[in-house]
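Student: coordinates for the following, if possible.
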Amino acid sequence: MAKTKQARKYAVMKRLISLKDARIKGKEREKKKRNKADPQNMKIRELPQASSAMFFQYNTQLGPPYHVLVDTNFINFSIKNKLDIMQSMMDCLYAKCTPYITDCVMAEIEKLGSKYRIALRMAKDPRFERLTCIHKGTYADDCIVQRITQHKCYIVATCDKDLRRRIRKIPGVPIMFIQSHRYSIERMPDAFGAPTT
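Tutor: Below is the predicted model of the structure:
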């Protein structure tokens, strides 16, 4: 037996229960009123002040000569890869670079012992600018993160994955690292010498 074709129904709406129906309870029958926000009870959100160096995601304070904050493992990996720090930075950024080293990083290299004496000798190079620390403790990662949140004029040179993850949360701070036996940089718009990934 053949099926009969049913005519398509257009603009059919779902049937709604009227508000006077007996199945609806008394409280549900009343139309819900939207609560207006009371100006006295409004919450005030405290946000940290945005840096004046930032133009959206672009950091206006970055420019040659670049200030590069160097971490302990960056020096160690540079030695392992036989890279001259000053020359390799210039090859990466095509501009003059001034490496900066904090007291905490210096103390960290000194604690590593005689195995890393070459790294210590490189860190004591007169071309490296020393930055004095006023905080307590000698944990270099916290020191670097604190310094770049205060001053947005630095590029951070590190190979530490945890530190790089922390720095990525701070807007406008480029990260220099070692990739395929040369220096590379991320989040830097003007790095023409960095290898493209």
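
Student: isn't there a helix covering residue 192?
Tutor: No: using DSSP: H, G, I helix; E, B strand; the rest coil, the assignment for residue 192 is coil, not a helix.

Student: look up phi and psi at the nearest residue to it once chain neighbours are set aside.
Tutor: Using CB to CB, 6 or more residues apart in numbering and skipping the chain neighbours, the partner closest in space to residue 192 is residue 94 (5.4 Å). For every residue, glycine as well, the C-beta is placed using N, CA and C. Dihedral pair for residue 94: phi 60, psi 40, per degrees, to the nearest 10.

Student: okay, now residue 116: neighbour count?
Tutor: Neighbours of residue 116 under the rule other CB atoms under 10 Å: 19.

Student: also residue 169?
Tutor: 9.

Student: same check on residue 89?
Tutor: For residue 89, using other CB under 10 Å, the count is 25.

Student: what about it, which SS state?
Tutor: Secondary structure assignment for residue 89 (three-state DSSP): helix.

Student: from residue 99, how far off is it?
Tutor: Relative to residue 99, residue 89 is positioned 7 Å away (CB to CB, to the nearest Å).

Student: from residue 172, how far off is residue 48?
Tutor: Distance, residue 48 to residue 172, by CB to CB: 14 Å.

Student: higher neighbour count, those two?
Tutor: Ranked by neighbour count (other CB under 10 Å), residue 48 and residue 172 place residue 172 first, with 20 against 6.

Student: which SSE is the more buried one in?
Tutor: Assigned by DSSP states H and E, residue 172 belongs to no helix or strand.

Student: residues contacting it?
Tutor: If you count contacts by CB atoms under 8 Å, 6 or more residues apart in numbering, residue 172 has them with 51, 53-54, 57-59, 62, 152, 187.

Student: just curious, which of those is nearest to residue 105?
Tutor: residue 152 (19.4 Å; CB to CB).

Student: dump the residue contacts of the closest residue to that closest one other than its chain neighbours.
Tutor: Of all residues not flanking residue 152 in the chain, residue 53 sits nearest, at 4.2 Å (CB to CB, 6+ apart). Shown in contact with residue 53 (CB under 8 Å, 6+ apart): 59-61, 152-153, 172.

Student: returning to what we had before: pretty sure the residue nearest to residue 192 sits against residue 185.
Tutor: No: contact criterion CB atoms under 8 Å: residue 94 and residue 185 do not qualify, at 11.2 Å.
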